[in-house]
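> need coordinates for the below:
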Amino acid sequence: MKRETVLFTTASDGSATAQSGALLGKLYCVEYVPGDVATGATLTITAEAESSLPLLTRANAGTTAWRRYPRENAHDIANGDALPAVSAEGLVRPMINGNIKVIVSSGGSVKSGRVIFHVDED
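This is a model prediction of the structure:
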């Protein structure tokens, strides 16, 4: 398991964009450590490669550290449609093949925090 930390500092308008180094594996966990970021901050986290794929969005992220375990629906082989996630077995961990981008909005003027990604490389 690889642990990748993305540090960010907001501009005077409360926004920030930062990204991880190159990663290859399945995203296991996203850990948010807000530092002094404003409670109303919104985080948008995407996987960046040839296209941008959403991983997690959290409005009003708060000032307390938290963890989230992003999952997505598995897809049917026959037609590529998403299968309904009736149980945890219908969900898979998102594949990362590139960078993970963190976009912060409404984070307060010149505030710092970090997001830690745990990626299973096996």
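> just checking, what packs against the worst-scoring helix or strand of the chain on mean pLDDT?
Lowest on mean pLDDT, DSSP states H and E among the helices and strands of the chain sits strand 72-73, with a mean of 84. Packing partners of strand 72-73 (3 or more C-beta pairs under 8 Å, 6 or more residues apart in numbering; DSSP states H and E): strand 91-92. (Each C-beta comes from the backbone N, C-alpha and C, glycine too.)
> and the strand it packs on, how far out from the chain middle?
16 Å (C-alpha atoms, centre = their mean, to the nearest Å).
> which strands and helices sit next to it?
Judged by 3+ C-beta pairs under 8 Å, 6+ apart, the packing partners of strand 91-92 are strand 72-73.
> spatially central residue in the protein, please.
In the chain, the centroid-proximal residue (C-alpha atoms, centre = their mean) is Ile45; its distance is 3.7 Å.
> burial of Leu55, as a residue count?
Counted with other C-beta atoms under 10 Å, the neighbours of Leu55 add up to 20.
> so when I look at it, I'm seeing a helix, right?
No - when the secondary structure is assigned by DSSP: H, G, I helix; E, B strand; the rest coil, Leu55 falls in strand instead of a helix.
> residue ranges with poor pLDDT in this protein?
Scanning the chain for pLDDT under 70 picks out 76, 82-89.
> picking up where we left off before, correct me, but the residue nearest to the centre of the chain touches Ser52?
No - counting by C-beta atoms under 8 Å, Ile45 sits too far from Ser52 to count as a contact (10.7 Å).
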